[in-house]
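Participant: make a model of this:
(2 chains)
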2 protein chains.
Amino acid sequence: MSKLKNDLFLRASKRKEVERTPIWIMRQAGRYLPEYRAVREKADFITMCKTPELVAEVTVQPIDILDVDAAILFSDILVIPEAMGMEFTMIESKGPQFPKPIRNEEDAKELKPVDPYVELKYVMDGIKQTKDALDNRVPLIGFSGAPWTLLTYMVEGGGSKSFSEVKKMIYNNPKLAHSILEKISVAVTDYLNAKIEMGCNAVQIFDTWAGILTQDDYEEFALQYVEKIISGLKVKKEPVIYFPKGIHSRYGRLAKIGADSIGLDWNSDIGKVRERIGNKVALQGNMDPTILYAPKDRIRSEVKKILKSFGKGSGHVFNLGHGILPDVNPEHAKALVQFVKEESKKYH
Amino acid sequence: MSKLKNDLFLRASKRKEVERTPIWIMRQAGRYLPEYRAVREKADFITMCKTPELVAEVTVQPIDILDVDAAILFSDILVIPEAMGMEFTMIESKGPQFPKPIRNEEDAKELKPVDPYVELKYVMDGIKQTKDALDNRVPLIGFSGAPWTLLTYMVEGGGSKSFSEVKKMIYNNPKLAHSILEKISVAVTDYLNAKIEMGCNAVQIFDTWAGILTQDDYEEFALQYVEKIISGLKVKKEPVIYFPKGIHSRYGRLAKIGADSIGLDWNSDIGKVRERIGNKVALQGNMDPTILYAPKDRIRSEVKKILKSFGKGSGHVFNLGHGILPDVNPEHAKALVQFVKEESKKYH
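Facilitator: Next up, the predicted model:
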């Protein structure tokens, strides 16, 4: 940790003293950057994920361009199901697709255990090259999808509006759902441990579809597996972040799953969450990504509002409440980073 | 009210004593019913909305088939923008579309005031025919979209994932957004008043996209207009229901907007909401619609859980937390209605 020139993100995620609030942006290596689109023109999305040189190039871009306080390894949450043996395609207009989704015991039997250094060697190589390119400027975050969120894609076969198929599975064959979630959890634990071993300074678990479950089902099909994964991580000082999109309650429970930091989407009032969750975990978030469409003075006032809502003291990592949108003006993203740096000093 | 053979829904919505908890189902006149699909084969969706005989036929179907405690007039929230002059098409694979969305002052100027007895005469005729067909068996609910939700469709031109266009408008040209919201609010108020005058026994305002706004923006662009509409309604005994999907906080505020009843989606714990919102309003909801994919014993246990969570006393109208899904087995919907009737007696 000490070798890093800027470790603000790591300190804030562990609720240690910082001079100002650190910031990074979900999907900061993304289509809104012309520099990213230039790389993307040379290779399709999956090829990019699997080419360590390109991974390093786009991961470092937002550090150079926006001057954010952390890098997040360019990848996709669906590399795990692919490594488990599922054929995976990315159709620009439709998003990620699994042409042969998992619907029964037969399908589930086909899922293979994953050795992250074999099936996901390209990710490990990407980490190595990215670490070299970053040269200890900022910490590198590695991420994974949470088991529940991965299960939804694996069963639906892609994105969904009503999530009918995965809901049918958990209600009609919960045993099957649990057996797949179990397998995914093992793969995710090994994957994140390998990322840490390869030098990632923090890990984030994305539970994008947490919000479609009832509160009891969220505990049974999502949270218990996240807790299990976290307890299986061989972390020393590396913070663990859990981002349950669409969850706006159960903060007492979330404070106890073993994560150092909880990501919030933009429907939460970060100050009220801090009050309820207490001083047990750090919070990451939570500006509405569409605020970046607004003029710069509106972006600044939103930054001030969120910083004020969180209040004095450490334990806040600024971020958006969801990924940055592809048609955002990069100048607005730069301004956001600058505003957080300027406006947050007085809270520390 | 007194002429109705079954007024349980009206009494519960006003927190008056009932013998058991009433139930109706959002989108109960819908594609999951073979009887509905038979009508739908004869006419496309928009034609159905505009043909009073067909409106009456499909509105009454779930009363005959499921034996629910209220009817809701078959219609669509987008009849308002269409009445304001926007061309509207329904594409089966893409959902509702406005080929010429509102993006600037010029576009907004084209929006016309609405006389519900002229532009929406077909709805009024539909109410008349439905009332005749219902023959006072159960109350008839009339509904409208909330101004914010209607604005999203009018500006996006259809459904959306990131709602970029409407967000750009509220952040870059809030004045324009407010002027359109103002016009929509006038149209919705007159529309709901006409529905009440024609004999609707209750009105529900659907705010399907409430949950995409930050808390401050929700107040500014959504809630203040709903409050204004409610204060302009010429209701005598007719309950007013507001359903802000995706809102899981601000219950104190929601209790004060003038609605008799607040609809909850399935991410809320109805018992906890009742605790926080106090005894000021009734609550409607909130079973996960996908539970209807489960075996009947699981449906029954979910019904019991929700009834127990709400607890003793009046002020609960059972419903799903969102519309019933098109591939649900109608036998399961029937079972749900039966279970609510059986299991709720002991709470009254």
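
Participant: chain center to stretch A:298-314, what's the gap?
Facilitator: 22 Å (C-alpha atoms, centre = their mean, to the nearest Å).

Participant: quick one: contacts of it?
Facilitator: A:11-12, A:15-18, A:21, A:269-272, A:274, A:282-283, A:286-288, A:291-292, A:294, A:316, A:318, A:332, A:335-336, A:339-340, A:343-344, A:347-348, B:171, B:216 (C-beta atoms under 8 Å, 6 or more residues apart in numbering or on different chains). Just so you know, the C-beta spots here come from the backbone N, C-alpha and C atoms, and that holds for glycine as well.

Participant: what about dumping the CA coordinates of it to CSV?
Facilitator: In CSV, the C-alpha atoms belonging to stretch A:298-314 read as follows (Å, rounded to 0.1, in the frame of the first residue of the first chain):
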residue,chain,number,x,y,z
ARG,A,298,-25.2,22.2,-11.7
ILE,A,299,-22.7,19.4,-11.5
ARG,A,300,-20.8,21.4,-8.9
SER,A,301,-23.9,22.1,-6.8
GLU,A,302,-24.8,18.4,-6.9
VAL,A,303,-21.2,17.5,-5.7
LYS,A,304,-21.6,20.0,-2.9
LYS,A,305,-24.9,18.5,-1.9
ILE,A,306,-23.6,14.9,-1.7
LEU,A,307,-20.5,15.9,0.2
LYS,A,308,-22.5,17.9,2.6
SER,A,309,-25.0,15.1,3.1
PHE,A,310,-22.2,12.7,4.0
GLY,A,311,-20.7,15.3,6.2
LYS,A,312,-17.4,15.5,8.0
GLY,A,313,-14.9,12.7,8.5
SER,A,314,-13.6,9.8,6.4
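
Participant: got the buried residues for it?
Facilitator: Neighbour-count burial for stretch A:298-314, with 16 or more other C-beta atoms under 10 Å in any protein chain shown as criterion, is recorded at A:298, A:299, A:300, A:302, A:303, A:305, A:306, A:307, A:309, A:310, A:314.

Participant: could you work out the most separated pair of the residues you listed?
Facilitator: Within these, two members stand farthest from each other by C-beta to C-beta: A:298 and A:314, at 27.2 Å.

Participant: sorry, back to before: out of the buried residues of stretch A:298-314, who's nearest chain B?
Facilitator: Using C-beta to the nearest C-beta, residue A:298 comes nearest to chain B of the buried residues of stretch A:298-314, at 5.9 Å.

Participant: quick check: which element contains the closest one?
Facilitator: helix A:296-310 (DSSP states H and E).

Participant: please apply the same query to residue A:127.
Facilitator: Under the assignment here (DSSP H and E), residue A:127 is part of helix A:121-134.

Participant: show residues contacting that helix.
Facilitator: Contacting residues not belonging to helix A:121-134 are listed as A:49-53, A:55-57, A:59-60, A:63, A:71, A:73-75, A:79, A:116-117, A:140, A:142, A:191, A:194-195, A:198-200 [C-beta under 8 Å, 6+ apart].

Participant: just the contacts of stretch A:298-314: which are in strands?
Facilitator: A:282, A:283, A:286, A:287, A:316, A:318 (DSSP state E).

Participant: near chain B, anything from the top helix by length along chain A?
Facilitator: Longest among the helix segments of chain A by residue count, using DSSP state H, is helix A:174-197. No: judged by C-beta under 8 Å from any C-beta of the partner chain, helix A:174-197 and chain B are separated, with a smallest distance of 9.4 Å.
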